[in-house]
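Q: Requesting a structural model of the entry that follows:
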Amino acid sequence: MFRTISEDLFFIQKISIKKKYTNKELKYHHYFHSITKLYPVNVIIIDPFLFFFVHKQDYFKAKLFLNVLRKKFNKKVMIVRNETTLMNLLYELFPDTYIHDLRFNNENTISVCFLTWEERGIACGTNGDYIKTINQLLKHHIHFEEPIGDLIIKCELVDL
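A: Okay, here's the model as predicted:
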């Protein structure tokens, strides 16, 4: 499918991730640094997930410690490259899947399109937990350059 210019502009708009830490997030920031020797750009807790946003150049170094972090924190830990555009962030939030396409639907809904049920299932998570968490992350922690209201992400299966 071809996107319109307005859709492309929507996807490449600048975003920022919240910078204010809670005490709990500050502790996780410290633990992350003590284990990996890297400083995360941001730490966000949305139970049961724990997101560590890292600089692009530190991503692969941080990924080496993913299993250690998951065991230490006993949470679903996600290490995500810190991105400045919506499109790149969406690709980073689904690291273990092949995203075939991103589609902007009416009423602030984005469809993340997959080719197989398995890929879609990985993206949604058990009982839809992961996609619900991503929607909470976008609603409460991501700030858009152009205010757009509540953005909803949906996972869809597409045929070629």
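
Q: So what's the residue count around the closest residue to residue 98 other than its chain neighbours?
A: Of all residues beyond its chain neighbours, the one nearest residue 98 is residue 119 (5.9 Å), with distances taken as CB to CB, 6 or more residues apart in numbering. C-beta here means a position set from N, CA and C on the backbone, and glycine is covered the same way. By the measure other CB atoms under 10 Å, the count of residues near residue 119 is 20.

Q: Isn't residue 119 up against residue 97?
A: Yes. Checked against CB atoms under 8 Å, the pair residue 119 and residue 97 is within contact range at 4.7 Å.

Q: mind listing the helices in the protein by residue range?
A: For the chain, helices defined by DSSP state H occupy the ranges 5-11, 23-36, 59-63, 66-73, 86-93, 117-124, 129-140.

Q: how about these, which one is nearest residue 104?
A: Smallest distance to residue 104 across the helices of the chain (CB to CB): 4.5 Å, for helix 5-11.

Q: Find the residue at the geometric middle of the chain.
A: Centre of the chain computed as the mean C-alpha position; nearest residue by CA atoms, centre = their mean is residue 93, 2.9 Å away.

Q: if you skip the residues just before and after it, what's nearest to it?
A: That would be residue 134: by CB to CB, 6+ apart, it lies 5.6 Å from residue 93.

Q: Relative to residue 147, how far out is the one you found?
A: 19 Å (CB to CB, to the nearest Å).

Q: Among these two, which residue is more densely surrounded?
A: Ranked by neighbour count (other CB under 10 Å), residue 134 and residue 147 place residue 134 first, with 26 against 6.

Q: My guess is the more buried one contacts residue 89. True?
A: No. The criterion here is CB under 8 Å, and residue 134 misses it with residue 89 at 9.9 Å.

Q: Quick check: residue 100 touching residue 115?
A: Yes. Applying CB under 8 Å as the test, residue 100 and residue 115 come out as touching, 5.2 Å apart.

Q: Now list whatever residues contact both of these two.
A: Common contact partners of residue 100 and residue 115 (CB atoms under 8 Å, 6 or more residues apart in numbering): residue 158.
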